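Show me the folded form of this:
(chains A, B, C and D)
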Protein chains: 2
Amino acid sequence: MSDTLDAALRLMRAQAALVRRFDARLGGLHGVSLADFTLLLRLAQAPGGRMRRVDLAEALGLTASGVTRALAPLERIGLVSREPDARDARVAYASLTGTGRERLPEMLATAEETADELFAAPAWGERDVPVLAGLLTRLGGTGLRS
Amino acid sequence: MSDTLDAALRLMRAQAALVRRFDARLGGLHGVSLADFTLLLRLAQAPGGRMRRVDLAEALGLTASGVTRALAPLERIGLVSREPDARDARVAYASLTGTGRERLPEMLATAEETADELFAAPAWGERDVPVLAGLLTRLGGTGLRS
DNA sequence: CCCATAAACTTGAGTAGTCAAGGAATACGC
DNA sequence: GCGTATTCCTTGACTACTCAAGTTTATGGG
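As a prediction, the model looks like this:
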């Protein structure tokens, strides 16, 4: 097997392991999945804590339909709300609620702890994490297009 | 956001992009997903081209139930067959069929091409791929246990 | 102005996995 | 050996996506 294929397959395994850990921690402590948390984090980074669903899809690497479905439970539990656009009736914003804004920092703390554990010494040196991030950035498009 | 969390989230994005490319290529040319291909490849590496389903699950980072479901369509299209164990009636082997053995090399070639494209110069240098593989290996346990 | 096209979103159907429960067969302690 | 525990596997019910099709609203050319 080629080196490149080997690297790609290892990436798959690493991601699967990573998702399981994050889901376990975030789910146990805050009742959200890693996907939920990522969505909330993006929203929080957007001006006003709100985004058009289509832009959210692009930012998350999902389809529009995936965003519709991901948002539904978050709206149900009151972390996100749906807001119409005054100028364009087609668009619906997804917006962090007060509760969402309140809870996000605790989730972020949990996520950072989890990430720190994953990349803990002794296996991981100081420089390894940024190197890995750099390499991954070359791979991970910011969208769905091939 | 911490460096470690950033790296973890980039890993998620990179994997999503990667799966989409492999699925498109492998699906288009051979009618299998990346998950299917990975399963077939593991089988081919095992002595006799067969494995107990439970070991296959461990090797792939899936649950036993996931393996049952993944195997069903591969058995249906005749790439894998189910074989009983003479000594232990609980275990069922998954075994590459003749067709499976025939087709796998073509799939492997496609997968290697795809991986080579993903890691193509100029963005990727000679040493980058093994470095990435090394870093990923530290993350990706060989199983489901936390 | 009006029609055609395009954009934003939702919905139905399908795929890929999870977990929890359960059936059947083997292995172990005494 | 005999009952209990354990292993292997499958199944039902769920989550999280995908794609294709449809609805609604906006936009731009004649």
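
Please enumerate the helices of chain A.
A:3-30, A:34-45, A:53-60, A:64-76, A:98-118, A:128-139 (DSSP state H).

Do any residues in the shortest one lie close to DNA strand D?
No. Applying C-beta under 7 Å from any atom of the strand, one finds helix A:53-60 out of contact with DNA strand D, separated by at least 7.8 Å. Where C-beta positions appear, they are placed from N, C-alpha and C, glycine not excepted.

which other residues reach that helix?
Residues outside helix A:53-60 that contact it (C-beta atoms under 8 Å, 6 or more residues apart in numbering or on different chains): A:38-39, A:42-43, A:51, A:62-64, A:66-68, A:71, A:91-94, A:142-144.

Need the helices of chain A in JSON lines (columns: distance to B:G125, mean neighbour count and mean pLDDT).
Below are those laid out as JSON lines (distance: least, C-beta to C-beta, whole Å; neighbours: other C-beta atoms under 10 Å in any protein chain shown; pLDDT from 0 to 100):
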{"stretch": "helix A:3-30", "distance to B:G125": "13", "mean neighbour count": "19", "mean pLDDT": "95"}
{"stretch": "helix A:34-45", "distance to B:G125": "30", "mean neighbour count": "20", "mean pLDDT": "97"}
{"stretch": "helix A:53-60", "distance to B:G125": "29", "mean neighbour count": "18", "mean pLDDT": "96"}
{"stretch": "helix A:64-76", "distance to B:G125": "35", "mean neighbour count": "15", "mean pLDDT": "97"}
{"stretch": "helix A:98-118", "distance to B:G125": "26", "mean neighbour count": "17", "mean pLDDT": "96"}
{"stretch": "helix A:128-139", "distance to B:G125": "10", "mean neighbour count": "18", "mean pLDDT": "93"}
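
With respect to B:A8, which of these lies nearest?
For B:A8, the closest of the helices of chain A is helix A:98-118, at 4.7 Å, according to C-beta to C-beta.

which strands and helices sit next to the closest one?
The elements that helix A:98-118 packs onto, with contact taken as 3 or more C-beta pairs under 8 Å, 6 or more residues apart in numbering or on different chains; DSSP states H and E, are helix A:3-30, helix A:34-45, helix B:3-30.

Same list (the ones you listed) but as a markdown table, adding distance to A:L118.
What follows is the helices and strands packed on helix A:98-118, written out as a markdown table (distance: least, C-beta to C-beta, whole Å):
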| stretch | distance to A:L118 |
| --- | --- |
| helix A:3-30 | 7 |
| helix A:34-45 | 12 |
| helix B:3-30 | 7 |
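
Same list, these, but as CSV with distance to DNA strand D please.
Compiled in CSV, the helices and strands packed on helix A:98-118 are given as follows (distance: least, C-beta to the nearest atom of the strand, whole Å):
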stretch, distance to DNA strand D
helix A:3-30, 8
helix A:34-45, 4
helix B:3-30, 7
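
Excluding residues flanking it in the chain, which one is nearest whatever residue of chain A ends up closest to DNA strand D?
Taking C-beta to the nearest atom of the strand, DNA strand D has its nearest neighbour within chain A at A:G66, 2.5 Å off. Nearest-residue entry for A:G66: A:A57, 6.7 Å, with adjacent residues in sequence omitted and distances by C-beta to C-beta, 6 or more residues apart in numbering or on different chains.
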